[in-house]
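In: sharing a sequence plus its predicted fold:
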Amino acid sequence: MRELAGTDFKTAKIKDVLAALDCSAEGLSESEAKKRFARDGPNAIPEKCNPLWRKVLAHFTAPMALVIFTAGSLALLINHLEDAAVIFFLYFLNGFIGIRMERKADGALAKLSEKINVTARVKRDGKWERLPAVDLVAGDLVELDGGDVVPGDCKIIGGEVELDQSTLTGESLPVVCGIGDMAYASSLVQRGHAQGIVVLTSSRTTFGRTAQLAQLQRPPGQLDKSLYKIGEYLVLLVLICIAVVIAVGILRGYTLAETMLLGLTLLVASVPSAMPAVIATIIALGALRLANSGVVVRQLSSLEELSGVTVICSDKTGTLTQNKLSVGPVWANHCAENVLLDSAASCMPLDSADTIDLAIARRAGKKAGSGMDGWKSFRYTPADGDRKRATMLLHNARTGAFQIIIKGAPQKIIPLCKLSPAESKAALARVENFATDGFRTIAVAAKPMSAEQADGPHAQLKELDEQGSELLGLITLADQPREDAAATITQAGAMGVQVRMVSGDHAAAARYIAGRIGLKGSEITSSALEKLTRAARAAKIRTTMIFSEVLPAQKYEIVKTLQEQGEIVAVTGDGVNDAPALKRAPVGIAVTGATEVARSAADLVLTRPGLAVIVNGIQEGRAVYERMHHYMTYRLAETFRILFLVPFAIITVGFFPLTPIQLVVLSVLNDLPILAMATDRVEDAPKPEKWRVRRLIGISSVLGFTGLFNSGILLYLFVFVFRIPVMVIQTLFFLKLSIAGHLMLFHARNEGPIFKGTPPSHALLAAIITTQLIATGIALFGIFVTPVGIDYILLIWGWSFLFFFVTEWAKLHAHRMADERGW
């Protein structure tokens with residue numbers, strides 16, 4: 001291979017490119033490709049990631065970690081050695097917990113990324129095969145078809161394609177690339193067919209160099225914004241409380257160092273510094289569970305929207321039906337049936353994997369793309385969402401003749417044919433009758449071409465070339481409804497999610513499938529929808545359940561209109577022209593077998609077919625939301641409870657209810673169950689979920705201040721009624737806050753009565769029991785605290801369980817009030 005430095009592939013001639021790459025127009029051998037892969041590495045842009053040592057250092061130098069370190073250092077300075085030892089233990093424990101959670105989340109994301117593979121059709125050892133794009137090397141011969149993503153910078157050596165290069169240039173208009181032109185990596189093939197030699201891969205491509213320079217981050221989602229708002233609110237609250245603690249403590253006779261130490265440890269114990277890491281872990285593990293169930297999440301932020309989906313706009317084929325096509329009745333128009341089938345089998349690429357093509361080829365008894373003896377493929381224009389037909393130019397080498405075969409939607413092909421009005425009407429009536437019986441219909445037409453027409457400068461056959469074709473006949477295709485479709489639609493309805501059919505098929509065929517799967521409601525065709533005014537169209541879209549004969553632009557409008565009407569829309573798609581609707585929808589879903597363009601535009605990619613996969617994915621998305629909501633409710637309630645107790649006590653009774661070391665140990669015990677919350681059991685949410693920050697803070701405040709009320713009564717009894725010594729009171733409050741804090745988890749896990757809800761996971765229950773045994777042992781044996789007797793231990797446990805029911809009553813009442821106010 002020659003030195004490539006300075007080679008201008010854009011202006012270089014094809015023969016010079018082949019020479020520079022030391023390859024041929026027939027591609028590489030497998031052995032040569034392996035050598036080049038070993039030299040150049042994978043065709044992937046290396047992700048910018050921090051080494052392990054830097055990640056570890058980040059956890060020990062984060063703002064909250066530095067606060068803990070400062071508190072420990074202050075304890076050393078004032079000779080509180082026990083306090084210092086425990087605080088530094090917390091410093092290292094928090095760091096290691098953070099590292100473990102990050103590694104857990106990173107591991108989940110790594111497994112997730114393995115399931116998102118871009119593939120390319122490559123010629124190796126003279127045979128075409130589909131390989132992961134990451135395996136491509138310079139010199140590979142690749143095939144580009146509508147729906148593909150260009151896998152590397154390629155020099156086009158045959159055919160012509162229209163490319164969407166907006167990811168590179170920002171320009172939305174398609175760019176035509178023919179022989180001698182460059183097709184750049186990450187461009188989306190909108191239509192056409194071409195072959196190209198890969199000249200640059202990975203970060204050496206134009207896209208790779210741009211991506212490395214940009215290093216852009218995604219904009220914050222609704223969850224990020226909510227966490228930021230909550231964080232701002234808490235920091236302000238904490239600073240006010242700490243200022244009060246320090247000021248009142250000094251007035252009560254404590255030294256500045258003592259009050260500063262307590263203030264810092266109060267900050268450590270009350271601020272939920274682990275919240276972002278916990279939320280990230282819950283999301284990552286949820287995404288991994290989704291991937292294992294057939295839903296690969298490309299954008300983690302889409303999990304926020306998935307939990308709130310109210311409408312699924314589903315295509316018919318493959319989602320509501322089995323996508324196992326077989327040829328049904330055929331109608332041949334003035335030709336033999338085998339001529340009709342052979343012609344249709346010729347109008348497809350060699351080794352086509354399209355389900356329609358495979359069904360027709362099986363019925364014809366031919367290999368895809370080789371239906372007519374003596375005729376060879378010369379040029380192919382694939383179908384797309386607008387044309388809805390494929391055109392193949394065939395050449396007979398023996399006679400020198402050319403002809404085109406057209407295969408696709410009857411509504412598009414019949415108007416191109418030489419038919420009288422009566423014949424056209426009769427042909428369309430046959431299509432209607434077939435559709436009424438549940439068949440999808442394909443029309444086939446043919447037209448002779450002159451050598452001048454066939455060998456023109458344009459690789460794409462134009463509609464003008466197709467006018468005046470001869471209608472060969474109609475081929476029907478049967479696709480039965482999925483057995484679980486009806487039950488899944490019922491399940492979705494019970495979850496508060498509407499399923500609407502948005503199909504490009506004939507109205508009668510869509511109506512037939514809808515009837516078979518129990519999808520009821522009004523229906524409309526795209527042509528009828530177009531005739532309405534804008535306002536009337538929006539009103540019709542709001543109430544229509546079955547859309548048929550829909551074009552891509554209309555699918556986009558349906559999604560856009562439903563969003564404007566307040567719906568959270570999930571839309572399915574598989575083709576190039578579905579990409580705008582997939583991008584527009586809050587949750588775009590690329591179904592199994594989708595083109596690379598559709599997969600790139602989607603938020604979720606299905607690896608299993610069927611509507612049930614989507615509905616189960618929504619349920620898992622809601623479970624992720626529930627876990628995040630439960631954790632945040634618990635953590636905010638704990639923050640309010642501990643944060644206000646300390647200033648309340650110093651103001652009312654003149655001493656701190658907890659020592660710095662007790663606050664630190666309490667913080668450690670509170671952190672232990674956190675890891676188990678990421679996999680906790682949750683109830684199936686009965687309706688779509690959305691972030692309600694006002695409700696979250698409101699419920700957390702009720703739980704927290706109920707705990708404060710509980711502590712206030714206990715403090716009054718200990719000080720003014722039983723006159724218990726201060727150091728014993730501090731031990732009892734340590735135990736009480738630990739027990740009541742973890743009992744708070746049970747309140748946070750359910751909006752309804754806890755004894756009717758889903759029980760906690762074994763891991764969470766084990767973590768709670770373990771921490772409370774440790775807390776009880778610390779109080780009983782006097783580890784870092786003044787020891788207390790078993791009578792006091794039983795008193796605190798009994799008191800905590802008594803107020804457990806009081807807190808449950810307050811929680812239920814708070815949820816009722818929130819429901820009444822629409823929070």
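Out: All right, it came through fine. Residues are numbered from 1 along each chain as shown.

In: residue ranges for the helices of the stretch 701-823 of the chain, please.
Out: 726-749, 762-781, 790-821 (DSSP state H, counting those that start in this stretch).

In: select the longest helix from this structure.
Out: helix 611-652 (DSSP state H).

In: give me the mean pLDDT for that one.
Out: When pLDDT is averaged along helix 611-652, the result is 91.

In: orientation of that helix relative to helix 790-821 in degrees?
Out: 120 degrees (axes from the mean of the first three to the mean of the last three CA atoms, to 10 degrees).

In: following helix 611-652, which helix or strand comes up?
Out: As assigned by DSSP states H and E, the chain's next helix or strand after helix 611-652 is helix 660-671.

In: give the other helices and strands that that next one contacts.
Out: Under the contact criterion of 3 or more CB pairs under 8 Å, 6 or more residues apart in numbering; DSSP states H and E, the helices and strands touching helix 660-671 comprise helix 63-77, helix 81-114, helix 256-270, helix 611-652, helix 726-749, helix 762-781. Placement of C-beta: from N, CA and C, glycine included.

In: extract the C-alpha trace of that helix and format it as CSV.
Out: Provided in CSV are the C-alpha atoms of helix 660-671 (Å, rounded to 0.1, in the frame of the first residue of the first chain):
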residue,chain,number,x,y,z
PRO,A,660,-20.3,15.2,64.8
ILE,A,661,-19.2,11.5,65.0
GLN,A,662,-22.8,10.4,65.3
LEU,A,663,-23.8,12.4,62.3
VAL,A,664,-21.0,10.9,60.3
VAL,A,665,-21.9,7.3,61.3
LEU,A,666,-25.6,8.0,60.6
SER,A,667,-24.6,9.2,57.1
VAL,A,668,-22.6,6.0,56.5
LEU,A,669,-25.6,3.8,57.6
ASN,A,670,-27.9,5.8,55.4
ASP,A,671,-25.7,5.3,52.4
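
In: element containing residue 129?
Out: Take DSSP H and E as the rule and residue 129 turns out to sit in strand 127-132.

In: and the helix or strand just after that strand, which strands flank it?
Out: If you walk from strand 127-132 toward the C-terminus, the next helix or strand you reach (DSSP H and E) is strand 141-145. Pairing partners of strand 141-145, with direction, according to DSSP bridges: strand 119-124 (antiparallel), strand 188-200 (antiparallel).

In: winner for burial among the ones you listed?
Out: Using mean count of other CB atoms under 10 Å, the stretch among the strands paired with strand 141-145 with the largest mean neighbour count is strand 188-200, at a mean of 24.

In: spell out which residues make up each domain of this structure.
Out: Residue ranges for each domain of the chain read 14-40+117-214, 53-109+219-287+618-821, 295-321+482-607, 326-478, as given by automatic domain parsing.

In: before we move on, the earlier item: and the longest helix of the chain, how far out from the chain middle?
Out: Mean-position distance between helix 611-652 and its chain equals 22 Å (CA atoms, centre = their mean, to the nearest Å).

In: helix or strand: which one has residue 441?
Out: Secondary structure assigned from DSSP H and E places residue 441 in strand 439-449.

In: what mean pLDDT does the following helix or strand past that strand have?
Out: From strand 439-449 onward toward the C-terminus, using DSSP H and E, the following helix or strand is helix 451-454. Along helix 451-454, the predicted local confidence has a mean pLDDT of 73.

In: what residues does helix 451-454 touch?
Out: With CB atoms under 8 Å, 6 or more residues apart in numbering as the contact definition, helix 451-454 has outside contacts at 378, 379, 393, 395, 400, 402, 465.

In: low-confidence ranges in the stretch 251-400 of the chain?
Out: Counting by pLDDT under 70, the low-confidence segments of the stretch 251-400 of the chain come to 273-274, 351, 371, 385.

In: what's the answer for the stretch 451-600 of the chain, then?
Out: For the stretch 451-600 of the chain, applying pLDDT under 70 flags the ranges 454-464.

In: 50 instead?
Out: For the stretch 451-600 of the chain, residues meeting the criterion pLDDT under 50 lie at 457-459.

In: do you have the helices of it handy? List them.
Out: Listed in chain order, the helices of the stretch 451-600 of the chain (DSSP H, counting those that start in this stretch) span residues 451-454, 463-466, 485-494, 507-517, 526-530, 534-543, 552-564, 579-584, 596-601.

In: make CSV out of those and add mean neighbour count and distance to residue 730.
Out: Converted to CSV, the helices of the stretch 451-600 of the chain look like this (neighbours: other CB atoms under 10 Å; distance: least, CB to CB, whole Å):
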stretch, mean neighbour count, distance to residue 730
helix 451-454, 13, 94
helix 463-466, 15, 86
helix 485-494, 18, 52
helix 507-517, 21, 66
helix 526-530, 16, 72
helix 534-543, 14, 62
helix 552-564, 20, 56
helix 579-584, 23, 59
helix 596-601, 24, 60
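
In: tell me which of those lies nearest to residue 476.
Out: Relative to residue 476, the nearest member of the helices of the stretch 451-600 of the chain by CB to CB is helix 507-517, separated by 9.9 Å.

In: hey, what's the most centrally placed residue in the chain bridged with?
Out: When CA atoms, centre = their mean is applied to the chain, the residue found nearest the centroid is residue 297 (3.2 Å). For residue 297, the residues forming beta bridges with it (DSSP bridges) are residue 604.

In: ok, it - contacts?
Out: Residues counted as contacts of residue 297 (CB under 8 Å, 6+ apart) are 112, 287, 290, 291, 303, 603, 604.

In: quickly find the element holding the second one.
Out: Read it as residue 287. Secondary-structure assignment from DSSP H and E places residue 287 in helix 275-292.

In: and the residue nearest to residue 401 when sequence neighbours are not counted, what pLDDT?
Out: Nearest non-adjacent residue to residue 401, counting by CB to CB, 6 or more residues apart in numbering: residue 448, 7.0 Å away. Per-residue confidence (pLDDT) for residue 448: 93.

In: from what I see, residue 448 and residue 400 are in contact.
Out: No - in terms of CB atoms under 8 Å, residue 448 does not count as a neighbour of residue 400; the distance is 11.9 Å.

In: which one's more surrounded, the two?
Out: For the pair residue 448 and residue 400, the greater number of neighbours falls to residue 448 (13 against 8), based on other CB atoms under 10 Å.

In: if I look at that one, how far off is residue 246?
Out: In this view, residue 448 and residue 246 are 95 Å apart by CB to CB, to the nearest Å.

In: tell me, how many residues neighbour residue 445?
Out: Close neighbours of residue 445, defined as other CB under 10 Å, add up to 28.

In: oops, could you answer that again for residue 774 instead?
Out: When neighbours are counted by other CB under 10 Å, residue 774 registers 16.

In: which residues touch it?
Out: By CB under 8 Å, 6+ apart, the contact list for residue 774 reads residue 669.

In: how near is residue 499 to residue 310?
Out: Shown here: residue 499 relative to residue 310, a distance of 11 Å by CB to CB.
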